[in-house]
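> Return atomic coordinates for the entry below.
(chains A and B)
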Amino acid sequence: MDVFSLFEARIVTALQTLYPALAEDTGLVDKVTAEPPRDPGHGDLSTNAAMVVARPLGKAPREVATALADHFSSDGDVVSVEVAGPGFLNFRLADGTWLDVLKAIGEQRSDFGRAAIGLGEKVNVEFVSANPTGPMHVGHTRGAVYGDALASLMEFCGFDVTREYYINDAGAQVDVLARSAYLRYREALGEPIGEIPKGLYPGDYLVPVGQALAEEFGNSLSGHPEEVWMRPVKQHVLAAMMDLIRGDLAKLRIEHEVFFSERTLHGPGGDIEQTLQWLRDEGLVYQGRLEPPKGKVPDEWEDREQTLFRATDFGDDVDRPLVKSDGSFTYFAADIAYHRNKVLRGYTHQIDVLGADHSGYVKRLQAAVRAVSQGKASVDVRICQLVRLLRDGEPVKMSKRSGDLVTLADVVDEVGPDAVRFMLLFRRNDAPLDFDFALVKEQTRDNPVFYVQYAHARACSAFRTAQRELPGHDWSESAVWSAEVSRYLGADELDLVRRLAQWPRTVTQAARAHEPHRVAFYLHETAAQFHALWSRGNQDASLRFVNQSDPKLTAARLALVDAVRIVLASGLGILGVNAPEELS
RNA sequence: GGCCCCGUAGCUCAGCCGGAUAGAGCAGUAGCCUUCUAAGCUAUUGGUCGCAGGUUCGAAUCCUGCCGGGGUCACCA
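Coordinates of the predicted model:
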């Protein structure tokens, strides 16, 4: 139950009743908004309706507003309507309306706020897709958490979501990986290997892979040319790397439903060839030359005729090569085929979560999806900006060359999945982020993760307190909801209900914008309001949720506390953060 | 040089599809615990929303140009 969207619909209906000319205007619903005013002094709900329709009606905004106000003045849910400013309409809603919301929370519980805007539509969220050449490093973490939370958020809004991981297992880097693993295999057989040659992966994580290879194959792969061992080693090491990555993701509570292998797109008759043929049939491929990039020309620039995709027809800046000089397909050719594959699997809504270094890649992906779906599908490419790790206020240095990258596992093991997830989601994805170890591990209100979890734990503790101080009553979470909330809840409590009533609205807006950080901010603000209400009991014991002399009052207040708990748990659930019942 | 992202209080950042007097946290200042609820709360100081135009009833928000910071730029993945 979303009070605001409910009123939005009623206001539109009222407008069309008052002004039949508006019945034709189907765009009206999109333009008219009903939202909580920024200044609570303006009431509970404010609409721009009069200002939006005034011009097409040829009337003054305030005149329309007055007519609307009259229309709603006899409404039972409305206590007062006022025309304000240039033509705003400010509603003050009856307490009963808010108490209805509270009851709805008690009835719907974890389903409160769940929306149907997705209409079961299929959405594919592709995220992480880290190269399968080693463990995940911190740079991958943000995209991983963002993609997962976004997927959960959209599921909560009624989308049929698939979490997908694209495995880049087709390029030359995988051969390098196999060679690196082969070296470790020889090492495991007791051969001296000395320094890891340049160009191979030096990481220790390949040592166990070499040992496993030795166990599986004995020395049967030893002393043979690459043609003999490349296939089995590659297969083995790829599987091992994906296990490693899945393990890293599991630490963050992330699980993909689909792992899509790039390799399966290649080969005769494969998706890439089919896609290329299809593009040729559509006249979207041609042989041509590209201008060298403006500014500084790369040293190895070679002017040659290439097989090009007409990306500019679909909004890209230049046409893009599909075939490399050695005759193999470009990465982008595979990517077109991959996104076409997703379209053929029925995903008209695609979301790609990429790292900051891929920002230049956005337009060509959108062009690709537009082309292969003939405009029927679209992809929203979300770029996650860099995370800077801080320890004692100093940036943590990460050198790729020396191999001392900070891994995802290092960070999660140190601060825990809850803190990592919340901190990364407590910021817009497209803004850079500082991750301060000291702050994230702190257990004070300065740490937003802790602050929200503490609010949840406090809510739970109120029930335990009731049990202790008022024994003999049923203080289960289901029992308190039979309380007479209308009789016992005061103005400050209703203010908290007003905030809880914004939860459904927050959810749908965050989902539409693909911005899970809005959920995190909402939770933080809700926690703050709850903490404030709680603390009134420090000054005045009669304001405490648990009142030893009045079980009925206690029950009513605990219903509210439970509602807070439900919404906090629901939001934390979407973010993939635990909602602990008590803090240790 | 092209493209993308960012520019809001001393610091870190929100600002919902354009909405009313631009918000929060930190830092600063002034308060609240011999803990049934202080891992918390209350009050308060502080801003030419990078600059200049445009669109309109109304712009931090949309458009254009500039300034500053970051990323990226045939064939790598």
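> how close does the nearest residue to residue A:97 once chain neighbours are set aside get to residue A:484?
Among residues not flanking residue A:97 along the chain, residue A:77 sits closest, at 4.8 Å (C-beta to C-beta, 6 or more residues apart in numbering). (Each C-beta comes from the backbone N, C-alpha and C, glycine too.) Plainly put, residue A:77 is 20 Å away from residue A:484 if you go by C-beta to C-beta, to the nearest Å.
> what about those two, which has more around it?
Neighbour count, other C-beta atoms under 10 Å: between residue A:77 and residue A:484, residue A:77 has more, with 17 against 12.
> residues touching the more buried one, list them.
Shown in contact with residue A:77 (C-beta atoms under 8 Å, 6 or more residues apart in numbering): A:93, A:94, A:96, A:97.
> and with 7 Å instead?
Contact partners of residue A:77, counting by C-beta atoms under 7 Å, 6 or more residues apart in numbering, are A:93, A:94, A:97.
> Please identify which helix or strand holds residue A:178.
If you go by DSSP states H and E, residue A:178 is part of helix A:172-188.
> nearest spatial neighbour of the spatially most central residue of chain A, skipping sequence neighbours?
Nearest to the geometric centre of chain A sits residue A:150, at 2.2 Å (C-alpha atoms, centre = their mean). Distances taken as C-beta to C-beta, 6+ apart put residue A:516 closest to residue A:150, at 5.3 Å, once the chain neighbours are dropped.
> Next: residue A:528.
Once flanking residues are discounted, residue A:528 sits nearest to residue A:451: 7.7 Å by C-beta to C-beta, 6+ apart.
> Distance of that neighbour relative to residue A:423?
Computed as C-beta to C-beta, the residue A:451 to residue A:423 distance reads 12 Å.
> Kindly report the same for residue A:298.
Using C-beta to C-beta, we find residue A:298 at a distance of 38 Å from residue A:423.
> Of the two, give the one with the bigger neighbour count.
Between residue A:298 and residue A:423, counted using other C-beta under 10 Å, residue A:423 has the larger neighbour count: 23 against 8.
> sorry, back to before: contacting residues for the residue nearest to residue A:150?
Residue A:516 touches A:146, A:149, A:150, A:153, A:425, A:510, A:575, counting by C-beta under 7 Å, 6+ apart.
> mind redoing it with 10 Å?
A:145-154, A:424-426, A:428-429, A:510, A:571, A:574-576 (C-beta atoms under 10 Å, 6 or more residues apart in numbering).
> from the residues you listed, which are also near RNA strand B?
Among the contacts of residue A:516, proximity to RNA strand B is found for residue A:428 (C-beta under 7 Å from any atom of the strand).
> Next step: the contacts of residue A:516 restricted to strands.
Taking DSSP state E, every one of the contacts of residue A:516 sits outside strands.
> Which of the contacts of residue A:516 fall within helices?
Among the contacts of residue A:516, the ones falling in helices (DSSP state H) are A:145-154, A:424-425, A:510, A:571, A:574-575.
> of those residues, closest to residue A:335?
Among the ones in helices among the contacts of residue A:516, residue A:147 lies closest to residue A:335 (C-beta to C-beta), at 17.3 Å.
> Name the nearest residue to that closest one, sequence neighbours excluded.
Using C-beta to C-beta, 6+ apart, the closest residue to residue A:147 is residue A:127 (2.6 Å).
> Can you report phi and psi for the one you found?
Dihedral pair for residue A:127: phi -150, psi 170, per degrees, to the nearest 10.
> Can you give me the distance of the nearest residue to residue A:216 once chain neighbours are set aside to RNA strand B?
Spatial nearest neighbour of residue A:216, chain neighbours left out: residue A:236 (7.1 Å); criterion: C-beta to C-beta, 6+ apart. Noted for residue A:236: a distance of 18 Å to RNA strand B, by C-beta to the nearest atom of the strand, to the nearest Å.
> Repeat that for residue A:94.
For residue A:94 relative to RNA strand B (C-beta to the nearest atom of the strand), the value is 18 Å.
> I figured that residue hits residue A:72, correct?
No: the criterion here is C-beta atoms under 10 Å, and residue A:94 misses it with residue A:72 at 11.9 Å.
> related to what we said a few turns ago, is it true that the residue nearest to residue A:216 lies in a helix?
Yes: judged by DSSP: H, G, I helix; E, B strand; the rest coil, residue A:236 forms part of a helix.
> Can you get me a residue count around residue A:146?
Residues near residue A:146, counting by other C-beta under 10 Å, number 26.
> Contact partners for it?
Taking C-beta under 10 Å, 6+ apart, one finds A:125, A:127-128, A:353, A:382, A:384, A:421, A:424-425, A:427-429, A:514-517 in contact with residue A:146.
> quick check, nearest of the residues you listed to RNA strand B?
Checking the contacts of residue A:146 against RNA strand B by C-beta to the nearest atom of the strand gives residue A:428 as the nearest, at 3.3 Å.
> Ramachandran coordinates for the closest one?
According to degrees, to the nearest 10, residue A:428 has phi -60, psi 140.
> Within range of RNA strand B, give me the residues from the stretch 301-450 of chain A.
Within the stretch 301-450 of chain A, the positions near RNA strand B by C-beta under 7 Å from any atom of the strand are A:301-302, A:304, A:306, A:317, A:320-321, A:324-326, A:330-332, A:356-363, A:383, A:385-386, A:427-428, A:430-434, A:443-446, A:450.
> Just the buried ones from those residues, in PyMOL syntax?
Buried members of these, defined by 16 or more other C-beta atoms under 10 Å, are picked up in PyMOL with:
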select buried, chain A and resi 306+320+321+330+332+361+362+363+383+385+427+428+433+450
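> shouldn't residue A:131 be in contact with residue A:165?
No: look at residue A:131 against residue A:165 with C-beta under 10 Å: they stay out of range, at 11.4 Å.
> Identify the contacts common to those two.
Taking C-beta under 10 Å, 6+ apart as the criterion, residue A:131 and residue A:165 both touch residue A:245.
> ok, the two, which is more surrounded?
Remark: of residue A:131 and residue A:165, residue A:165 carries more neighbours, 24 against 16, as counted by other C-beta under 10 Å.
> Quick one: residues contacting the nearest residue to that one once chain neighbours are set aside.
Excluding its sequence neighbours, the residue lying closest to residue A:165 (C-beta to C-beta, 6+ apart) is residue A:256, at 4.3 Å. Each residue near residue A:256 by C-beta under 10 Å, 6+ apart is listed here: A:125-129, A:144, A:147-148, A:151, A:162-166, A:245-246, A:249.
> Might one say that the residue nearest to residue A:216 is in contact with residue A:214?
No: counting by C-beta under 10 Å, residue A:236 does not reach residue A:214; the two are 11.0 Å apart.
> anything in contact with each of the two?
The contact sets of residue A:236 and residue A:214 overlap at residue A:185 (C-beta under 10 Å, 6+ apart).
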